[in-house]
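In: Prediction below, plus the sequence it came from.
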Amino acid sequence: MLGRAIIQGFIETGRNFVGSYYDPERLTTVQYPEQTLPPDEHARTIPFLVYDGDDPSQGLRCTACTICELECPPQCISIVKDTVKKPDYLGKMQLQPKVFDIDISVCMDCGICAEVCPFDSIKMDQVFALSTGDRQALLLHKEQLAKSNLYFRQIHPGEAAAIDAARAEQKRKAEAKKAAIASAPSGFPSPLP
């Protein structure tokens with residue numbers, strides 16, 4: 001009984017060994033950097049900031065709440081709030097970061113910053129060729145970190161579709177609430193002349 005199981009194990013191992021040489025689906029080695037495999041949707045490397053529209057400075061989703069800075073284990077995120085408020089996608093006035101820096105030489109790619117962000121403004125990228133001899137190039141500023149929602153949809157289509165649907169629903173509810181308030185009678189008597 002025991003000998004039969006060992007023989008079956010040897011047969012399965014032999015089949016896997018021989019199959020790895022001629023089955024194209026099982027050939028896992030690629031000649032990098034000439035050939036690259038497309039990254040998985042759930043792959044993550046460094047964080048980036050998502051913005052809506054065409055202008056990163058106007059459409060940035062980040063509200064400089066500093067939650068990601070506080071939760072970052074290696075403390076590689078640095079945020080300075082701007083004093084000027086800008087309207088968000090719902091029309092509410094929100095702060096934006098004046099400075100948003102990430103030192104990717106310290107970042108451990110854990111994704112905690114993306115998980116704790118309540119505004120879905122920071123997400124994980126799939127760029128993996130980051131090596132350089134210049135340490136200053138590893139400090140990324142807000143302008144370098146800002147990437148459009150279209151880019152986010154390309155690299156994480158499932159997650160981006162869910163977030164866009166939730167944001168569209170929030171916007172629809174906010175517009176319905178504004179319309180209801182505008183059409184409702186005020187309830188106060190008109191002032192006397």
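Out: Done, it's in. Numbers count the residues shown, from 1 in each chain.
In: rest of the way, CA atoms for contacts and neighbours
Out: Will do.
In: Name the SS class of residue 34, please.
Out: Under DSSP: H, G, I helix; E, B strand; the rest coil, the three-state class of residue 34 is coil.
In: Name the nearest residue to the residue positioned nearest the centre of the chain, sequence neighbours excluded.
Out: Centroid check for the chain by CA atoms, centre = their mean gives residue 123 as the closest residue, at 1.5 Å. Distances taken as CA to CA, 6 or more residues apart in numbering place residue 114 nearest to residue 123, at 5.0 Å, with adjacent residues excluded.
In: measure residue 59 to residue 177 for me?
Out: According to CA to CA, to the nearest Å, residue 59 stands 23 Å off from residue 177.
In: More neighbours: which of the two?
Out: A direct count of neighbours by other CA atoms under 10 Å for residue 59 and residue 177 places residue 59 higher, at 20 against 12.
In: Any idea how many residues pack against the residue lying closest to residue 56 once chain neighbours are set aside?
Out: Leaving aside its chain neighbours, residue 56 sits nearest to residue 146 (6.3 Å; criterion: CA to CA, 6+ apart). Per other CA under 10 Å, the neighbour tally for residue 146 reads 24.
In: Now residue 146. Its backbone dihedrals?
Out: Phi and psi for residue 146, reported as degrees, to the nearest 10, are phi -70, psi 120.
In: Doesn't residue 96 lie inside a helix?
Out: No - counting by three-state DSSP, residue 96 is not found in a helix; it is strand.
In: pLDDT score assigned to it?
Out: On the pLDDT scale, residue 96 is placed at 91.
In: Can you get me a residue count around it?
Out: Count around residue 96 with other CA under 10 Å applied: 26.
In: out of everything not next to it in sequence, what's closest to it?
Out: Among residues not flanking residue 96 along the chain, residue 63 sits closest, at 4.6 Å (CA to CA, 6+ apart).
In: quick one: contacts of the helix or strand containing residue 19?
Out: In this structure, residue 19 is located in helix 2-22 according to DSSP states H and E. Contact partners of helix 2-22, identified using CA atoms under 8 Å, 6 or more residues apart in numbering, comprise 26, 27.
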